[in-house]
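Asks: fold the following, please.
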Amino acid sequence: MDLKTKIRDIPDFPKEGILFRDITTLLKDKDSFNRVINRFTAFYKDEGINKVVGIESRGFIFGAPLAHQLNAGFVPIRKPGKLPSDVYEAKYELEYGTDTLAIHQDAVSPGERVLIVDDLLATGGTMSAAVDLVKQLGGTIVGIAFLIELAGLKGRDKLDGMSILSLISY
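Replies: Presented below is the predicted three-dimensional model:
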């Protein structure tokens, strides 16, 4: 099964000049969604993952079932003001603006083995901020997983030295 065929392209969203890769068409197909979770699981099953960190919001879609499959805890990274306890925050640049991410200060213990998951690697700003937050907590980042990578935007350059898995590349 070619997962790329399950992704819908939406031109000029969220603004003119952006080609949005819509994953809802993949998610609604049970076989495709299961295949994604199973491929991530197979890749990381022997890595001793303690926590799977998912980035709001589409990272939650993959991160929570993956944490379950890996017998690990799930940690959400969210937008500011969405987490109820003390947080650390990191600002970052998107391909079309800027934003901030937050993580609970007690979400990851020093030395825990962490897998960070999101739907898309574009310029790398979002994931770079997430990496900084996990490192601030003392977590050991075992890997970074994406459904889609937009290789031409060179997001990997901001994640130098990290082990990266992308299931689909454009």
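
Asks: what residue of this protein is the furthest out?
Replies: Most distant residue from the mean C-alpha position of the chain: residue 16, 24.6 Å away (Cα atoms, centre = their mean).

Asks: SS state for that one?
Replies: When classified by DSSP: H, G, I helix; E, B strand; the rest coil, residue 16 comes out as coil.

Asks: so what's the backbone phi/psi at it?
Replies: Per-residue torsions, residue 16: phi -60, psi 140 (degrees, to the nearest 10).

Asks: in the helix or strand bottoming out on mean pLDDT in the chain, which residues are buried?
Replies: Lowest mean confidence among the helices and strands of the chain (mean pLDDT, DSSP states H and E): strand 87-94, at a mean of 90. Buried residues in strand 87-94, defined by neighbour count with 16 or more other Cβ atoms under 10 Å: 87, 90, 92. For every residue, glycine as well, the C-beta is placed using N, CA and C.

Asks: can you tell me which of these is closest to residue 22?
Replies: Nearest to residue 22, judged by Cβ to Cβ, of the buried residues of strand 87-94 is residue 92 at 22.7 Å.

Asks: correct me, but the closest one touches residue 122?
Replies: No. Judged on Cβ atoms under 8 Å, residue 92 makes no contact with residue 122 at a distance of 11.5 Å.
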